[in-house]
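*Asks:* Make a model of this:
(chains A and B)
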Amino acid sequence: MNPASLALPELTEAVFALGFVLLLLAPLALAGLALTNTGLGRSRSAAQALLGSLIVAAVAAIVFFVVGAAFTGSAGGASHIFHLAGKPWNWLGAAPWLLGGLSGAPPYGQLAFLFEFLAVAMAAMIPWGSGADRLRLAAGCAIAALLSAVFFPLLAHWVWAGGWLAQLGVNFSLGAGFLDPGGAATVHLLGGFSALVVVWTTGSRKGKFPKEGFSTAMPGHNAVYVLFGCLLALVGWLAWNAAGALLWLHAPLSALPVVVVNTLLSAAGALAATFAVTRIRFGKPDASLCANGWLAGLVASSACAAVVEPLPALFIGIIAGLLTPLLVEVLELAVSIDDPSGAISVHAVGGLWGLFAVGLFAPRPGQLLAQLVGIAALLGLILPLLYLLFWLLNRVVAFRADPDGERIGMDLHELGGGAYPEFVLHRDDSYR
Amino acid sequence: MKYAGLLVMPAGFFLSIAALVLFSDPAPRAAFVFCGLAVEALGLGVSVRGHMDERGASRS
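*Replies:* Residues are numbered from 1 along each chain as shown, chains lettered A, B, ... in the order given. Predicted structure coming up:
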């Protein structure tokens, strides 16, 4: 264990206050995502979906407080380092347990931990949406605990707390090291890969892929929730990206308006592209796919908003918006992946594209290679490890509800009552 | 098949790390990192293919 060589920057009181206010607004991104995921699921699982989002975020926060924060550490704090080929590889934090000494920590460190609390909650909510209509609450909690105890701390340390990815610039002359100020890798790629593994481990909803014919369409039950969730998410994301730029890039206050404009441009470009694609493809724009496109633009902006200029930000959003509806369709129809919230396309692919685009458009030489090394670590190490540990976890806490529970709906099965008790429920034609 | 693909993916990661350690020249380093990513993409493709085969066998 060695103290890292990085020193925490000084924050003026004004910057600290602004960062704190931004982080108080950032939970709106979580609220938006929870509402969108609930709307994209079925009406008979709506209460379980929204309660699940809350409990998953709660478990993630508690486990991160108990275990994860110590492994995450902070830039300039104690950490575990090994040496290979004459270079230090800072791979794990070694902060005090239970956030010991937080109240006496420098302002930068306090805000950093607050940011990480929100980030871990967001990362845990993403796979919950993909398991909608069949993933048990207990399984969601177990997944959240695993993510916040093992995977998120590793990634957050590597990227934000002076870990080996952040030090690629210093140690290997690769640009400014791996850049991810808004959590495209630590939150969205981790969440998106977890969603893929949850879908692989849990399987598809009953009746989704019948023995004969195409997959059964199971549209979301409330487009208003979905679209209003997108608006809420925008507010949270603007604050989130601005706070990330302040904390992880030490951006000056004068740079924040551009970060906000870039976030907005990326989301707007993505929505316009998805709107056009679905209009051309289906004759009418598709509300849920447009929502997914909007979110994909926001996810891509998490990587790039604080790093690129406005025109590239718009371009990055447009590409994210073009990719999303096509991928949702390919994953469902060609690859037989049942992902009700579209998290794999939105968070995994949107995050991957955003991280890659930072390398393409950032002005520093070697930045693209730094971004590719980071992507290689996530794809080559984190994804297989996620599969292994989720596979083991599924042996201990069964992910999937029993068939009867899935038939009557997760609300009745797990909560004993529906989200809309006065509504008339119609026969489900998907159970053939 | 899914497991084979997942086992191949870490090899791509270690190839990328080897590129950082072994080469200081940008060109071979970039080539090695791209090769590592290609190996990872291959592993992911095999895993997805394995998932498709499983789904085909257990359609409900």
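*Asks:* okay, CA-based contacts and neighbour counts for the rest of this
*Replies:* OK.
*Asks:* Tell me if residue A:89 really is in a helix.
*Replies:* No: under DSSP: H, G, I helix; E, B strand; the rest coil, residue A:89 falls outside any helix and is assigned strand.
*Asks:* near chain B, which residues of the stretch 1-150 of chain A?
*Replies:* For the stretch 1-150 of chain A, the residues in contact with chain B (CA under 8 Å from any CA of the partner chain) are A:84, A:85.
*Asks:* For residue A:353, pull up the helix or strand it's in.
*Replies:* Using DSSP states H and E, residue A:353 maps to helix A:350-361.
*Asks:* Please name every helix or strand in contact with the helix or strand of chain B with the lowest mean pLDDT.
*Replies:* Lowest by mean pLDDT, DSSP states H and E among the helices and strands of chain B is helix B:26-57, with a mean of 91. Judged by 3 or more CA pairs under 8 Å, 6 or more residues apart in numbering or on different chains; DSSP states H and E, helix B:26-57 is in contact with helix A:367-377, helix B:2-22.
*Asks:* Export the first one to PDB, keeping only CA atoms.
*Replies:* Spelled out, that is helix A:367-377. Extracted as PDB, the C-alpha positions of helix A:367-377 are listed here (Å, rounded to 0.1, in the frame of the first residue of the first chain):
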ATOM      1  CA  GLN A 367      -6.000  10.300 -26.200                       C
ATOM      2  CA  LEU A 368      -7.600   7.800 -28.600                       C
ATOM      3  CA  LEU A 369      -5.300   5.100 -27.400                       C
ATOM      4  CA  ALA A 370      -6.000   5.900 -23.800                       C
ATOM      5  CA  GLN A 371      -9.700   5.700 -24.400                       C
ATOM      6  CA  LEU A 372      -9.200   2.400 -26.200                       C
ATOM      7  CA  VAL A 373      -7.200   0.900 -23.400                       C
ATOM      8  CA  GLY A 374     -10.000   1.900 -21.000                       C
ATOM      9  CA  ILE A 375     -12.600   0.300 -23.200                       C
ATOM     10  CA  ALA A 376     -10.400  -2.800 -23.500                       C
ATOM     11  CA  ALA A 377     -10.300  -3.100 -19.700                       C
END
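*Asks:* For it, name the packing helices and strands.
*Replies:* helix A:350-361, helix B:2-22, helix B:26-57.
*Asks:* Return the alpha-carbon coordinates of whichever helix or strand comes after that helix using PDB.
*Replies:* Note on helix A:367-377: by DSSP H and E, the next helix or strand toward the C-terminus is helix A:383-396. Extracted as PDB, the C-alpha positions of helix A:383-396 are listed here (Å, rounded to 0.1, in the frame of the first residue of the first chain):
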ATOM      1  CA  LEU A 383     -17.700  -8.000 -18.600                       C
ATOM      2  CA  PRO A 384     -16.400 -11.600 -18.200                       C
ATOM      3  CA  LEU A 385     -16.000 -11.000 -14.400                       C
ATOM      4  CA  LEU A 386     -19.500  -9.700 -14.300                       C
ATOM      5  CA  TYR A 387     -20.800 -12.800 -16.000                       C
ATOM      6  CA  LEU A 388     -18.900 -15.100 -13.600                       C
ATOM      7  CA  LEU A 389     -20.000 -13.400 -10.400                       C
ATOM      8  CA  PHE A 390     -23.600 -12.900 -11.600                       C
ATOM      9  CA  TRP A 391     -23.700 -16.600 -12.600                       C
ATOM     10  CA  LEU A 392     -22.600 -17.500  -9.100                       C
ATOM     11  CA  LEU A 393     -25.000 -15.100  -7.500                       C
ATOM     12  CA  ASN A 394     -27.800 -16.600  -9.400                       C
ATOM     13  CA  ARG A 395     -27.000 -19.900  -7.700                       C
ATOM     14  CA  VAL A 396     -27.500 -18.300  -4.300                       C
END
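*Asks:* Give me the angle between the least confident helix or strand of chain B and helix B:2-22.
*Replies:* Helix B:26-57 runs at 170 degrees relative to helix B:2-22, counting by axes from the mean of the first three to the mean of the last three CA atoms, to 10 degrees.
*Asks:* Which positions in helix B:26-57 come out as buried?
*Replies:* B:29-30, B:32-37, B:39-44, B:46-52, B:55 (16 or more other CA atoms under 10 Å in any protein chain shown).
*Asks:* before we move on, the earlier item: looking at the helices and strands packed on helix A:367-377, which is nearest to residue A:418?
*Replies:* Of all the helices and strands packed on helix A:367-377, it is helix B:26-57 that lies closest to residue A:418, at 30.8 Å by CA to CA.
*Asks:* now the closest one, how far from the centre of its chain.
*Replies:* Relative to its chain's centre, helix B:26-57 lies at 3 Å (CA atoms, centre = their mean, to the nearest Å).
*Asks:* now the helices and strands packed on helix A:367-377 in CSV, with distance to residue A:44?
*Replies:* Below are the helices and strands packed on helix A:367-377 laid out as CSV (distance: least, CA to CA, whole Å):
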stretch, distance to residue A:44
helix A:350-361, 29
helix B:2-22, 33
helix B:26-57, 25
